[in-house]
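Enquirer: my questions concern the predicted model and sequence given below.
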Amino acid sequence: MRRREFLRQAASASALVLVSPSFLPAALPLDRRIRVGVIGCGSVSGMYLPHLAKSPHVEVVSLCDRRPDRAASRGDEFRIAARYDSLETMLAGEPFDLLVNLTDMQEHGRLNQMALTADRHVWSEKPLANTYREGKALLELAAQRGKRIWGAPAVVNSPQFAEMARLLGDGRLGRVAAAHAHYGHTGPHWSAFFYEELGGSLPDLGVYNLATLTGLLGPAKSVVAMTSVITPQRTVDDKGAIEVKAEDNAMVLMEHASGVLSHVQCGFNYFDPYGHEGDGQDRPTISVWGSQGSMHLIGYDWAPFAVELATAEQPTPVRLATDTADYVWEQGASVIAQSLVSGSEPLIAAQHALHVLEVIEAARDSQRTGKRVMLESTFAWPVVRAE
């Protein structure tokens, strides 16, 4: 099943919850809820909007899409009256506090800057921006305006990430040496932007694994990478036959502190017997090795099932953290809204998203130059701290 069908079917299932208010948590009074405007009413909105609609901390007040029919369709589905065809008209229309940006990745930096300049907070789907310089400027602009910006993915929120972080913090693996992560499928067919300049498998797929490994092992110090195009021509729904400009195949090697090395591979040419939704996935996609143990994330990091641990003391692998609690990949904007209401700091950090963006840019620079690329960004680590 391709991602578009997966998103459509999952959104339909989630939307069923909306017909029965008894399933919804008690909402806060309107003056204590975050007013949200969503831009981008395509496939991903079919996952975000049901989750936002169920949040007691959120009131979705406006929708925007360059295709008015899509904004109208989502507006009818979720009973949202204010609908716009440009961010300019949206910002001048129904007041809102938080922009949720679900547009094509090439538009993220420009639209996020417009929203911050108009004194809105921003939750952006990945990537935060299209270059490290642009992303850094967004964080500086947010600070100047007294606003906040955050970027997907939300992988650090899962109980499985927390368990892996705890095991590392407790020293259960001994001296950590290396880690590997992979994620891929045969590529989206519904839009050309995945394959155009500033698209590619790194900001669409690899971003998850890069966020997880840097979140577990700490900021990367340097990057060596190779990228390529395996399928030079694709046929997509919105533009027909196109030439692929962005990488659809990538191998990224990161150096962390104390000599720890990690590797991410991702691409749009991977046959996956479990499908994009990972149904029935019972194999690790992330592994970390140390001198006294190894651990493996079962399932994708955006849809994990468990953590598997083996140690010198207990070499037979055991399954841990088999409960995913309320974690879903589309929860980021809802978590941010709750954070804004409560004044608490979320695990998701803009500086982490910016660091991952620099890793992606460094990987492309490494391919272009054939050299190791040193990084300058960092973020607060460990992400999950011992209590």
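Expert: Nice, I can see it. Numbering: from 1, shown residues only.
Enquirer: which helix is the longest one in the protein?
Expert: Ranked by residue count and defined by DSSP state H, the top helix of the chain is helix 350-369.
Enquirer: could I get it in CSV with only the CA atoms?
Expert: Output in CSV follows, covering the C-alpha atoms of helix 350-369 (Å, rounded to 0.1, in the frame of the first residue of the first chain):
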residue,chain,number,x,y,z
ALA,A,350,13.6,23.6,17.3
GLN,A,351,17.3,23.4,17.8
HIS,A,352,17.2,19.6,17.3
ALA,A,353,15.2,20.0,14.0
LEU,A,354,17.8,22.6,12.9
HIS,A,355,20.6,20.3,13.7
VAL,A,356,19.0,17.5,11.6
LEU,A,357,18.6,20.0,8.8
GLU,A,358,22.3,20.8,8.9
VAL,A,359,23.1,17.1,8.8
ILE,A,360,21.0,16.8,5.6
GLU,A,361,22.7,19.7,4.0
ALA,A,362,26.1,18.4,5.1
ALA,A,363,25.3,15.0,3.5
ARG,A,364,24.6,16.7,0.2
ASP,A,365,27.8,18.8,0.5
SER,A,366,29.8,15.7,1.2
GLN,A,367,28.5,14.0,-1.9
ARG,A,368,29.3,17.1,-3.9
THR,A,369,32.8,17.6,-2.6
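Enquirer: for it, which positions count as buried?
Expert: Neighbour-count burial for helix 350-369, counted by 16 or more other Cβ atoms under 10 Å, picks out 350-367. C-beta coordinates here come from the backbone N, C-alpha and C atoms, glycine included.
Enquirer: and if you look at stretch 249-268?
Expert: So stretch 249-268, judged by 16+ other Cβ under 10 Å, has buried residues 249-256, 260-268.
Enquirer: what is the longest helix of the chain packed up against?
Expert: Packing partners of helix 350-369 (3 or more Cβ pairs under 8 Å, 6 or more residues apart in numbering; DSSP states H and E): helix 132-145, strand 149-151, helix 207-217, strand 222-228, strand 249-255, strand 373-374.
Enquirer: now the angle from that helix to helix 207-217?
Expert: Helix 350-369 runs at 110 degrees relative to helix 207-217, counting by axes from the mean of the first three to the mean of the last three Cα atoms, to 10 degrees.
Enquirer: got the domain ranges for this structure?
Expert: The chain is divided into the following domains under automatic domain parsing: 3-151, 155-329+346-374.
Enquirer: quick one, helices of this protein?
Expert: Per DSSP H, the chain carries helices over the ranges 3-15, 45-54, 68-78, 87-91, 108-117, 132-145, 159-169, 201, 207-217, 332-342, 350-369.
Enquirer: nearest to residue 302, out of those helices?
Expert: Nearest to residue 302 among these is helix 207-217 (5.2 Å), distances taken as Cβ to Cβ.
Enquirer: from the chain's centre, how far out does that closest one sit?
Expert: How far helix 207-217 lies from its chain's middle: 11 Å, per Cα atoms, centre = their mean, to the nearest Å.
Enquirer: same for it, what does it pack against?
Expert: When contacts are defined as 3+ Cβ pairs under 8 Å, 6+ apart, helix 207-217 sits against helix 159-169, strand 176-184, strand 249-255, strand 261-267, strand 284-290, helix 350-369.
Enquirer: just the CA coordinates for it, please, in PDB.
Expert: Provided in PDB are the C-alpha atoms of helix 207-217 (Å, rounded to 0.1, in the frame of the first residue of the first chain):
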ATOM      1  CA  VAL A 207      14.900  12.900   8.600                       C
ATOM      2  CA  TYR A 208      13.200  10.500  11.000                       C
ATOM      3  CA  ASN A 209      16.300   8.300  11.500                       C
ATOM      4  CA  LEU A 210      18.600  11.300  11.800                       C
ATOM      5  CA  ALA A 211      16.400  12.800  14.500                       C
ATOM      6  CA  THR A 212      16.300   9.500  16.400                       C
ATOM      7  CA  LEU A 213      20.000   8.700  16.200                       C
ATOM      8  CA  THR A 214      21.100  12.300  17.200                       C
ATOM      9  CA  GLY A 215      18.400  12.200  19.900                       C
ATOM     10  CA  LEU A 216      19.800   9.000  21.300                       C
ATOM     11  CA  LEU A 217      23.600   9.500  20.800                       C
END
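Enquirer: what's the angle between that helix and strand 261-267?
Expert: Orientation check (the same axes, to 10 degrees): helix 207-217 against strand 261-267 gives 170 degrees.
Enquirer: for helix 207-217, what is the average pLDDT?
Expert: Helix 207-217 shows a mean pLDDT of 98.
Enquirer: quick one: contacts of it?
Expert: 126-127, 152-153, 155-156, 161, 164-165, 168, 176, 179, 181-183, 220, 252, 254, 256, 260, 262, 264, 266, 285-286, 288, 297, 300-302, 352-353, 355-356, 359-360, 379, 381, 383 (Cβ atoms under 8 Å, 6 or more residues apart in numbering).
Enquirer: give the contact list for the closest residue to residue 89 other than its chain neighbours.
Expert: Sequence neighbours aside, residue 64 is the residue nearest to residue 89 in space, at 7.8 Å (criterion: Cβ to Cβ, 6 or more residues apart in numbering). The contact partners of residue 64, taken as Cβ under 8 Å, 6+ apart, are 37-41, 71, 83-87, 89-90.
Enquirer: got a PyMOL select line for the buried ones in the residues you listed?
Expert: To isolate the buried subset of the contacts of residue 64 in PyMOL, counting by 16+ other Cβ under 10 Å, use the following:
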select buried, resi 37+38+39+40+41+71+83+84+87+90
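Enquirer: export the contacts of residue 64 to a markdown table and tack on distance to residue 212?
Expert: Putting the contacts of residue 64 into a markdown table (distance: Cβ to Cβ, whole Å) gives the following:
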| residue | distance to residue 212 |
| --- | --- |
| 37 | 29 |
| 38 | 26 |
| 39 | 27 |
| 40 | 24 |
| 41 | 29 |
| 71 | 33 |
| 83 | 36 |
| 84 | 35 |
| 85 | 36 |
| 86 | 35 |
| 87 | 31 |
| 89 | 38 |
| 90 | 33 |
